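1. Predicted model and sequence below, questions to follow.
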Amino acid sequence: MKRLHTQESCPYCKGAGYFQLIVGGTEDCPACEGQGRTDHESPSQA
Ligand SMILES: [Zn+2]
């Protein structure tokens, strides 16, 4: 079984890697650890 790792833009921060805080400043996105991308495993695509 072959597993492909693809990186896609993080849905939480829209690929930015951080959130823009309303009060000002930014906060690192916990979902992608500030990278703006998340790893997805695609078992049978691509
Ligand atoms: Zn993110």
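-> Happy to help now that I have it.

2. Kindly check the end-to-end length of stretch 19-33 for me.
-> Across stretch 19-33, the terminal residues are separated by 11 Å (C-alpha to C-alpha, to the nearest Å).

3. mind listing what's buried in that stretch?
-> For stretch 19-33, a neighbour-count test (16 or more other C-beta atoms under 10 Å) marks 29, 32 as buried. Where you see a C-beta, it was placed from the backbone N, CA and C, and this is true even at glycine.

4. what residues are up against the residue nearest to the spatial centre of the chain?
-> Centroid check for the chain by C-alpha atoms, centre = their mean gives Cys10 as the closest residue, at 2.5 Å. Applying C-beta atoms under 8 Å, 6 or more residues apart in numbering to Cys10 gives the contacts 16-17, 29, 31-32, 35-38.

5. the strands in this protein, which residues?
-> 4-9, 18-20, 26-28, 37-42 (DSSP state E).

6. what's the least confident stretch among these?
-> Note on the strands of the chain: lowest mean pLDDT is at strand 37-42, with a mean of 75.

7. thinking again about what came up before, give the contact list for the nearest residue to the residue nearest to the centre of the chain once chain neighbours are set aside.
-> In space, and not counting its chain neighbours, Cys10 is closest to Cys32: 3.9 Å by C-beta to C-beta, 6 or more residues apart in numbering. Contact partners of Cys32, counting by C-beta under 8 Å, 6+ apart, are 10, 12-13, 17, 38.

8. What of Ser9?
-> By C-beta under 8 Å, 6+ apart, the contact set of Ser9 is 15, 36-38.

9. can you do 7 Å?
-> When the contact criterion is C-beta atoms under 7 Å, 6 or more residues apart in numbering, the partners of Ser9 are 15, 36-37.

10. what does this protein put close to the ion?
-> Neighbours of the ion within the chain, by C-beta under 5 Å from the ion: 10, 12-13, 29, 31-32.

11. Tabulate these (JSON lines), appending pLDDT.
-> Formatted as JSON lines, those follow (pLDDT from 0 to 100):
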{"residue": "Cys10", "pLDDT": "91"}
{"residue": "Tyr12", "pLDDT": "90"}
{"residue": "Cys13", "pLDDT": "92"}
{"residue": "Cys29", "pLDDT": "93"}
{"residue": "Ala31", "pLDDT": "90"}
{"residue": "Cys32", "pLDDT": "90"}
